[in-house]
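Asks: Pasting a predicted model and its sequence here:
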Amino acid sequence: MRRLLDALYALGAGLAALSLLGIFCVMMAQVVMRELQMQLPAADDVSAYLCVATTFFALAATFRHGEIIRVGVLLNRLAPGPRRAFEVLTLTLAAALMAYVTWWTAQDMLFSWEIEEVAQGTVPIPLWIPKLVVPLGSGLLLVAILDEMATVLRGAKPSYVVAAEERSAAGDFSAEV
């Protein structure tokens, strides 16, 4: 199960990287076409959609690697028992929030698909396609949060804490700035 989940998080990160590459390609195409006195239709729309995809697909991997901003002022000062309880509480609240976000963004995407909503730019892009990345990325983050909650409930340290400790031990304090 661990390998499957890690592969799922890596897939999300890979899709985020491809989306970022897509933004680069669109921007470079715009530059070249501008020099040729041409215009790339819907370039701004596509770049915006890819920006959202980059963000949402990267959430789970970023969370698992301890790169999401986390305020540990209280948690870092607690003894292991209370800290574990607060980690579970925090992860429960995060899971509830992400379940809510996933549900409602999926409903919005389905509604766009049902009414055949399209972008109002120069290219009528069906909006359910770019909207799909939000519930997918949110759902993947929800899985990662539940994965961490299972880890904490088993009594182990969450991966984001282990990753932060490993960075600190290596002298890398870039995430702390």
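Replies: Good, I have the coordinates.
Asks: out of everything not next to it in sequence, what's closest to the spatially most central residue of the chain?
Replies: In the chain, the residue lying closest to the centroid (Cα atoms, centre = their mean) is Leu59, at 2.0 Å. Computed as Cβ to Cβ, 6 or more residues apart in numbering, the closest residue to Leu59 that is not its neighbour in sequence is Leu141, at 4.2 Å. For the C-beta atoms, the positions are set from N, CA and C on the backbone; glycine is no exception.
Asks: circling back: ramachandran coordinates for the residue nearest to the centre of the chain?
Replies: Note on Leu59: its backbone torsions stand at phi -60, psi -50 [degrees, to the nearest 10].
Asks: quick one, what contacts it?
Replies: 12, 68, 137-138, 140-141, 144 (Cβ atoms under 8 Å, 6 or more residues apart in numbering).
Asks: which one among those gets closest to Leu74?
Replies: Of all the contacts of Leu59, Ile68 has the smallest distance to Leu74: 17.0 Å, by Cβ to Cβ.
Asks: quick one: the closest one and Ala163 touch, right?
Replies: No. In this structure, Ile68 is not within contact of Ala163 by Cβ atoms under 8 Å, at 10.7 Å.
Asks: So for the residue nearest to the centre of the chain, what's the pLDDT?
Replies: Per-residue confidence (pLDDT) for Leu59: 96.
Asks: Ok, the one 5 residues further on next?
Replies: Model confidence at Arg64, expressed as pLDDT, equals 91.
Asks: got the contact list for it?
Replies: Taking Cβ under 8 Å, 6+ apart, we find Arg64 in contact with 9, 144, 147-148, 159-160, 163.
Asks: run the last query once more with 7 Å
Replies: Applying Cβ atoms under 7 Å, 6 or more residues apart in numbering to Arg64 gives the contacts 9, 144, 159-160.
Asks: again, but for Asp147
Replies: Residues in contact with Asp147, defined by Cβ under 7 Å, 6+ apart, are Leu5.
Asks: Leu4 now?
Replies: By Cβ under 7 Å, 6+ apart, no residues touch Leu4.
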